[in-house]
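[1] heads up, no residue letters with this:
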């Protein structure tokens with residue numbers, strides 16, 4: 001626990017955060033040989049000061065401190081409130097030990113349920129990201145390079161309108177559609193393709209479809225923003241030279257849209273891996289997903305240090321995935337954050 005001597009440092013953290021962002025804005029790097037106005041000249045001094053203070057406070061209180069508190073808590077034992085800060089409140093790896101062995105003291109058995117759920121969540125989230133890319137890329141290319149502005153606006157309205165409904169309500173709608181007596185089974189059975197309804201929920205088909213749909217906009221907008229900036233003359237030149245359509249996409253469009261592809265894939269992967277509503281609503285009785293287990297550590301077992309350890313494992317995996325995507329795509333963080 002924090003001692004009384006650490007409290008002044010806590011109060012100095014906002015000042016330190018503002019100072020860091022102030023220095024970053026004041027000494028903003030400029031391209032060699034290019035005349036560029038400074039951050040304060042572009043925005044005006046009052047607006048620039050407001051932006052620096054707002055971003056500093058947001059970064060500190062919404063990102064940095066919560067994550068640091070979570071990491072610190074993950075190394076604490078579960079203790080009654082009266083014993084917190086006492087001689088038993090020491091840093092320990094027992095919460096991570098529990099994730100592997102299912103016990104804070106014994107190493108006799110492996111905690112296969114939680115480990116399997118974790119790796120299944122990561123693998124399924126990766127599949128959802130790949131599925132979303134395959135589904136959204138043709139539509140994003142059509143909107144960015146083919147469709148007229150009026151049609152683009154109409155398509156954007158069709159894409160955005162369903163998201164005016166709450167995510168949980170959309171998940172329940174998917175559960176109704178994919179149920180044994182739902183619309184999809186009725187249509188397939190009416191067509192004579194099957195005699196018995198397919199268990200879409202029990203086989204996690206509803207879950208993966210719901211996750212893909214829930215975060216589809218993240219992929220479409222990332223791809224659309226990247227492909228829209230591609231000069232259409234490059235595509236026309238390739239066609240004039242006789243390049244087939246697959247060659248144009250493989251060697252012109254996709255390499256150019258790498259930042260958008262990386263941004264969309266990382267967003268969909270992280271949101272899918274951290275999703276809670278869809279696994280709870282669309283998951284079957286045998287479904288394994290890591291976030292409900294994490295939720296159970298916090299609010300069923302009331303073991304917040306253990307929940308923090310599980311959350312940190314998931315966070316570390318998501319950050320590693322982002323770094324891997326950047327490495328494979330030979331990109332930097334600034335390129336996918338545009």
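    Yes, it's here. The structure presented is a predicted model; accordingly, all values stated were derived computationally and were not measured. Numbering: from 1, shown residues only.

[2] Number of residues surrounding residue 172?
    15 (other Cβ atoms under 10 Å). C-beta: built from backbone N, CA, C; applies to glycine.

[3] for stretch 84-99, the distance to its chain's centre please.
    How far stretch 84-99 lies from its chain's middle: 29 Å, per Cα atoms, centre = their mean, to the nearest Å.

[4] Can you tell me what sits against it?
    Contact with stretch 84-99 is made by 1, 74-77, 79, 83, 103-105, 107, 111, 114-115, 305-306, 308-310, 313, as judged by Cβ atoms under 8 Å, 6 or more residues apart in numbering.

[5] Check which residues of it are buried.
    For stretch 84-99, the neighbour count (16 or more other Cβ atoms under 10 Å) marks 94, 95, 96, 97, 98, 99 as buried.

[6] Name the nearest of those relative to residue 185.
    Taking Cβ to Cβ as the measure, residue 99 is the one of the buried residues of stretch 84-99 closest to residue 185, at 38.2 Å.

[7] mind checking the backbone torsions on that closest one?
    Main-chain dihedrals, residue 99, degrees, to the nearest 10: phi -60, psi -40.

[8] for the chain, what are the low-confidence residue spans?
    1-11, 30-35, 334-335, 337-338 (pLDDT under 70).

[9] Name the residue closest to the centre of it, please.
    For the chain, residue 270 is the residue whose C-alpha lies nearest the centre (Cα atoms, centre = their mean; 2.6 Å).

[10] who are the neighbours of the helix or strand where that one lies, in terms of helices and strands?
    Assigned by DSSP states H and E, residue 270 belongs to helix 258-273. Helices and strands touching helix 258-273, as assessed by 3 or more Cβ pairs under 8 Å, 6 or more residues apart in numbering; DSSP states H and E, comprise helix 112-141, helix 216-228, helix 304-329, helix 333-336.

[11] follow-up on the earlier one: could you measure from the residue nearest to the centre of the chain over to residue 215?
    According to Cβ to Cβ, to the nearest Å, residue 270 stands 9 Å off from residue 215.

[12] swap in residue 91?
    Distance of residue 91 to residue 215, computed by Cβ to Cβ: 36 Å.

[13] ok, now residue 113?
    Using Cβ to Cβ, which is the criterion applied here, residue 113 is 26 Å from residue 215.

[14] out of these two, which sits in the busier spot?
    residue 215 (24 against 11).

[15] that older thread, among the helices and strands packed on helix 258-273, show me which one is buried the most.
    Across those, averaging neighbours per residue (mean count of other Cβ atoms under 10 Å) puts helix 216-228 on top, at a mean of 22.

[16] Any idea how far it is from the middle of the chain?
    Relative to the centre of its chain, helix 216-228 is centred 15 Å away, using Cα atoms, centre = their mean.

[17] Over to stretch 324-338?
    The answer for stretch 324-338 is 15 Å, by Cα atoms, centre = their mean.

[18] who's in contact with it?
    Stretch 324-338 is contacted from outside by 225, 258, 259, 260, 261, 262, 263, 265, 266, using Cβ under 8 Å, 6+ apart.

[19] For burial, what's the neighbour tally of the nearest residue to residue 78 once chain neighbours are set aside?
    The shortest distance from residue 78 to any non-neighbouring residue, by Cβ to Cβ, 6 or more residues apart in numbering, is to residue 303 (5.0 Å). When counting by other Cβ under 10 Å, one arrives at 19 neighbours for residue 303.

[20] How much space separates residue 303 from residue 295?
    The value you get for residue 303 to residue 295, if Cβ to Cβ is used, is 12 Å.

[21] Next, the buried residues of the helix or strand hosting residue 19.
    Applying DSSP H and E as the criterion places residue 19 in helix 7-26. Going by neighbour count (16+ other Cβ under 10 Å), the buried part of helix 7-26 is 17, 18, 21, 22, 25.

[22] Same check on stretch 139-153?
    Buried positions in stretch 139-153, judged by neighbour count with 16+ other Cβ under 10 Å: 139, 140, 141, 143, 144, 152.

[23] now those as JSON lines including distance to residue 277?
    Shown next, in JSON lines, are these (distance: Cβ to Cβ, whole Å):
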{"residue": "139", "distance to residue 277": "25"}
{"residue": "140", "distance to residue 277": "26"}
{"residue": "141", "distance to residue 277": "31"}
{"residue": "143", "distance to residue 277": "28"}
{"residue": "144", "distance to residue 277": "31"}
{"residue": "152", "distance to residue 277": "30"}
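
[24] Pick out the most distant pair among these.
    Using Cβ to Cβ, the pair of the buried residues of stretch 139-153 lying farthest apart is 141 and 152, separated by 12.0 Å.

[25] Now do the contacts for the closest residue to residue 318 other than its chain neighbours.
    Counting by Cβ to Cβ, 6+ apart, residue 318 lies nearest to residue 270, which is 4.6 Å off, once chain neighbours are set aside. Applying Cβ under 8 Å, 6+ apart, we find residue 270 in contact with 125, 318, 321, 322.

[26] Fine, thanks again, bye for now.
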